[in-house]
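> Structure for the following, please:
(one chain, ligands or ions: 1)
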Amino acid sequence: MPDVDGLNTGFASALLEQYLENPEAVPAEWRSLFESGSPELVAALPGLARLLEQHREDGNGHVPVAAPTAPPAPQAVAPAVDEELLGGVAAAMALVKAIRTHGHLAARLDPLGSEPVGDPALEPERLEPELTPELQRRIPAGLLRVHVPGETLADVLPRLREIYCGTSAYEIEHISDHEQRVWLRAAIESGRYRRPLDNEEKRRLLERLTEVEGFERYLHRAFLGQKQFSIEGLDVMVPMLDEAIDLAAEEGAHEVVFGMAHRGRLNVLAHVLGRPYESILREFEGERTLEAVVSDPEGGTGDVKYHLGAEGTRATPTGDITLTLASNPSHLEAVDPVVEGRTRAEQTDRSTRAGFNDASVAMPILIHGDASFPGQGIVAETLNLADLTGYSTGGTLHLIANNQIGFTTDPADGRSTRYSSDLAKGFDFPIIHVNADDAEAALGAVRLAMAFRRRFCTDVVIDLVGYRRYGHNEQDEPAYTQPLMAARIERQPSVREQYADALVEEGALTREEVDGFSSQVEAKLKEAHERLKATFGEGVPAVAYEGRIPASTESDVVTAVDEERLRALNDELLQVPDGFTVNPKLAKQLERRRSTLDEGGIDWGQAEELSFASLLVDGIPVRLTGQDTERGTFSHRHLVLHDAQTGEVYTPVQSLREATASFEVYNSPLSEAACVGFEYGYSVAAPETLVCWEAQFGDFVNGAQIAIDQFIVSGLSKWGQTSRLTLLLPHGYEGNGPEHSSARLERFLQLAAQENIRIANCTTSAQYFHLLRRQALDPAARPLIVMTPKGLLRVKEAASTLADLVDGRFRPVLPDPYVAPDDVKRLILCSGKVYYDLVGHELYDCGPKTAIARLEQLYPFPSEAAADLVRSYPKLRRLVWVQEEPQNMGAWRAIRHRLEESLPEGVKLRYVGRPWRASPSEGYPTAHLREQDRILREALS
Ligand SMILES: Cc1ncc(C[n+]2csc(CCOP(=O)(O)OP(=O)(O)O)c2C)c(N)n1
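A predicted model of the protein is given here:
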């Protein structure tokens, strides 16, 4: 056993770390010492002993480690200690650790040749003791736990440097999962994923690079000055995607879903998604010849060519695979969560009760910009979804298309971190940096990333460091702002040229073959262009917007549910498994849901759950997410029950005997932007599913404004893409201040046109029941925005009866149920909760001359129902629109002209509500009460 007195603590610690990783890796005598728990060890190195003990307690040792109290092992003869060698081994271990941790600082990642910063810890001569060549030759490599061949440090050091400080570099040591770190070290150092290519593979890679470059250069020449957002400088991205697709297919995926911005998109469309050259050339031609303009989606206004999504099928060595590129807006990174949601939908089996997620079915690939990745907060929100039960997609491959510039902004002005990828470190994802001019290394990076993802089902980031051959787009002059870089790039041979030269030099190909590739690509493009030109004048085939949704049918949809069925579902929803203890207070509340079917009083929570349940037995899947949504922000829902004794959970709506579709319910992370984007993506890929997202308070939905503006309301017009995504937005003025009152109804109304969305604000739970069912059953899918209640959730008057669910349907306008129409001279029309404020006010009893009606659907505006309503009051003189929102908010400005249109001659329209305001509501509850009362008095008197 080693003599522990006077031991070099650093050395011993390093050995211990190795031992904890793999006990066999340390010399036998040290192993016995660590396993002995020897009192000498405890005395000499208390820190070490504590570590060992902790390791034992954590139960994560590879071998059982004896407790310190165990009897000491029989004394062995202590080996003679060679002080110089011991010190050398410690320094060597520190060096290996430094190379693994900080090697990237010395790596040659920049194709433009900028000097890496380096780090003193990576230099053997600066270590203590200095690792001289002689000493290096004395240090056995076996002690260093490295995975490269060699007898001594002198043998392995150059190889380690090549691996960690070459044209690839790795950041893995921040990962807290020990197994992942160990796996990555072995995978990286063994070179398993960076094997040399055979000649056939090299030829294919060069051919691919030739196609990528040839395509860009052809467009550049043929359409000088037109925006193409050239990929050049990051050309290798295309073969990297090829590789990732083949590997995904090999792992059993049926689909890969891509999200990317403008950079290189046309090339990816052509070469990865397989969109024909002609179709892309047609769009370029369209910009200069009206004749060739691509027709817009029916009734829509279309989008620029580098935003359009696409779908393709690709043959791989292991079978066909579907490739989907999501349509996206200019708003950088906004598509990230959409891609995750789409992928998740593809992965989910919705014939199971809770929706079974099989991540092997589909894989997401996100291509980011180096300025956008650290700059756009949605990236962090999306990364945070990676490991959440309701959102995980089994690992996303992130590829940062790093051209070292954002428009004209240098990295130093664009981020506070060294690397563009640093954000991902906080999520424990491995980061592989690779020089985009080393094509083979780039493929190696993909293989490693895919193998890691396959093994650990988690995200991986590849930071592909290249450059941008032209300006931000083809109309920009890069030398205005980055003169040195632009000059440097002008001298830079393309990756194809470099690779071709290398292959010719090593004899893998001849110069003639290389040149042949280029002429073939050129010829292919020319032919496609000629074929296209020959069609000019023939009329342009319309872009196929297959699956375009028919116009809304709305009222034809039967939303009433048979009484017996509702009774049976209600009973089932109130059952829990034997031995399950519902919280007694909650049990009482839920118990009330039993009698409401006969006595009335079906509240919001119950109506909602019955509506969901009725859909499930009809085979319609439902997904509901949002902050604290399982219980409901206002504690009104309780879809998920928690056993009061054991904490176990039970979700009755997932246990319905006759359900044939899944019910997914998840509390979401505290995000709006990524969560709404995700659900949008999910709803697009699962058009048969009722996907609902609920805001904590509707006020927070503007955190998802990009998802709303750029996807939900405009997707149909831009890309022919819609869904039945339903946003549940608690809304209403209850004295809770400017950020707990308004879901900004006015914004949604302003965005509503061409029947792109539906907007409702219902006042009874039955209306809500029918609205949800209509939303799920209407063959015409559209997003639905619902202003949902807060206080009303429990107001008796807003509750409904069984008959309302059995016989009714959603009614866009509710006339006054109490006042006979004949004598009515004054009609108050309002929407939402203010109705109950009006009928509950002391001035309410205003006699037979005033009626109060409710507008339950705000968009599409129910013109006919509104006209019918007005016509039903023959003596009407005045229509008063009452709202609690300020005059510049709420529904007023969007529906005023609609109301005017519906009025007969001589009937006047008047506004009652808050005046124009900069902030949606008062801050003080008393101020709120005063203002609310003023509005009601003015309306009623
Ligand atoms: C959210 C958002 N803000 C600003 C812009 C304007 N913009 C378009 S491209 C660009 C630079 C992007 O740089 P990077 O992410 O590095 O991608 P690159 O164009 O270099 O590939 C900017 C600022 C945008 N499209 N989206």
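
> got the contact list for the nearest residue to Leu397 once chain neighbours are set aside?
The shortest distance from Leu397 to any non-neighbouring residue, by CB to CB, 6 or more residues apart in numbering, is to Ile365 (4.7 Å). Using the backbone N, CA and C atoms, a C-beta is placed for each residue, glycine as well. Ile365 sits next to 241, 244, 256-259, 396-399 when contact means CB atoms under 8 Å, 6 or more residues apart in numbering.

> what about Ile365, which SS state?
strand (DSSP: H, G, I helix; E, B strand; the rest coil).

> For this structure, which helix or strand comes out least confident on mean pLDDT?
For the chain, counting by mean pLDDT, DSSP states H and E, helix 46-58 ranks last in confidence among helices and strands (a mean of 51).

> from the chain's centre, how far out does the helix or strand just after that one sit?
Later in the chain than helix 46-58, the nearest helix or strand by DSSP states H and E is helix 83-102. Centre-to-centre, helix 83-102 and its host chain are 42 Å apart (CA atoms, centre = their mean, to the nearest Å).

> Just list what helix 83-102 packs against, helices and strands only.
The helices and strands touching helix 83-102, judged by 3 or more CB pairs under 8 Å, 6 or more residues apart in numbering; DSSP states H and E, are helix 9-21, helix 133-138, helix 153-164.

> Now for Glu189: which residues touch it?
Neighbour list for Glu189: 146-148, 160, 163 [criterion: CB under 8 Å, 6+ apart].

> which parts of this structure sit against the ligand?
Neighbours of the ligand within the chain, by CB under 6 Å from any ligand atom: 263, 330-332, 369-372, 376, 401, 403, 405-407, 472.

> Pull out the buried members of those residues.
Using 16 or more other CB atoms under 10 Å as the burial test, these include 263, 331-332, 369-372, 376, 401, 403, 405-406, 472 as buried.

> Minimum pLDDT in the residues you listed, which residue is that?
Within these, His472 has the lowest pLDDT, namely 91.

> And that one, how far from Val379?
20 Å (CB to CB, to the nearest Å).

> Strands of the stretch 701-850 of the chain, residue ranges please.
For the stretch 701-850 of the chain, the strands defined by DSSP state E, counting those that start in this stretch cover 726-730, 758-760, 784-788, 813-814, 826-830, 850-855.

> partners of the shortest one in the sheet?
It stands for strand 813-814. strand 850-855 (antiparallel) (DSSP bridges).

> same for whichever helix or strand comes after the strand it pairs with, what does it pack against?
Downstream of strand 850-855, the next assigned helix or strand under DSSP H and E is strand 857-859. Judged by 3+ CB pairs under 8 Å, 6+ apart, strand 857-859 is in contact with helix 745-751, strand 758-760, helix 892-902.

> go with 10 Å
helix 745-751, strand 758-760, strand 784-788, helix 892-902 (3 or more CB pairs under 10 Å, 6 or more residues apart in numbering; DSSP states H and E).

> May I see the buried residues of the second one?
When neighbours are counted by 16+ other CB under 10 Å, the buried residues of strand 758-760 are found to be 758-760.

> do the same with stretch 84-98
Buried-residue list, stretch 84-98, by 16+ other CB under 10 Å: 85-96, 98.

> Check the average confidence over that stretch, would you?
Across stretch 84-98, pLDDT averages out at 95.

> Put the alpha carbons of that stretch into CSV.
Below are the C-alpha coordinates for stretch 84-98, written out as CSV (Å, rounded to 0.1, in the frame of the first residue of the first chain):
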residue,chain,number,x,y,z
GLU,A,84,9.9,13.4,-9.8
LEU,A,85,7.7,10.8,-11.5
LEU,A,86,4.9,11.3,-9.1
GLY,A,87,5.0,15.1,-9.6
GLY,A,88,5.2,14.5,-13.4
VAL,A,89,2.2,12.2,-13.3
ALA,A,90,0.2,14.8,-11.4
ALA,A,91,1.1,17.4,-13.9
ALA,A,92,0.4,15.1,-16.8
MET,A,93,-3.1,14.5,-15.4
ALA,A,94,-3.6,18.2,-15.0
LEU,A,95,-2.5,18.6,-18.6
VAL,A,96,-4.9,16.0,-19.9
LYS,A,97,-7.7,17.6,-18.0
ALA,A,98,-6.8,21.0,-19.3
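
> Poorly predicted segments of the stretch 751-900 of the chain, please.
The stretch 751-900 of the chain contains residues with pLDDT under 70 at 846.

> so who does the residue in it positioned nearest to the ligand touch?
Proximity of the stretch 751-900 of the chain to the ligand (CB to the nearest ligand atom) peaks at Leu751, 18.4 Å away. By CB atoms under 10 Å, 6 or more residues apart in numbering, the residues touching Leu751 are 708-709, 712-714, 757, 759, 785, 859, 894.

> what's the closest non-adjacent residue to His928?
Gly735 (3.8 Å).

> quick one on the thing from earlier: which ones among the contacts of Ile365 map onto strands?
Counting by DSSP state E, the contacts of Ile365 place 256-259, 397-399 in strands.

> Now do the contacts for the residue of the stretch 151-300 of the chain found nearest the ligand.
Per CB to the nearest ligand atom, Arg263 is where the stretch 151-300 of the chain lies closest to the ligand, at 3.4 Å. Counting by CB under 10 Å, 6+ apart, Arg263 touches 229-231, 233-234, 237, 306, 367-370, 372, 401, 403, 468, 472-473.

> Which ones among the residues you listed lie within helices?
237, 372 (DSSP state H).

> Inside strands: which ones of the contacts of Arg263?
Residues from these lying in strands, with DSSP E as the criterion: 367-369, 401.

> For the ligand, state which of these is nearest.
Closest approach to the ligand among these (CB to the nearest ligand atom): Gly369, at 1.9 Å.

> The closest one bridge partners, please.
Ala401.

> Would you confirm that it contacts Val335?
No - counting by CB atoms under 10 Å, Gly369 does not reach Val335; the two are 12.0 Å apart.

> Give the residues shared as contacts by the two.
260-261.

> With distance to Gly191 added, can I get the contacts of Ile365 in CSV?
Output for the contacts of Ile365, formatted as CSV (distance: CB to CB, whole Å):
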residue, distance to Gly191
Leu241, 23
Ala244, 20
Val256, 26
Val257, 31
Phe258, 29
Gly259, 31
Thr396, 25
Leu397, 21
His398, 23
Leu399, 22
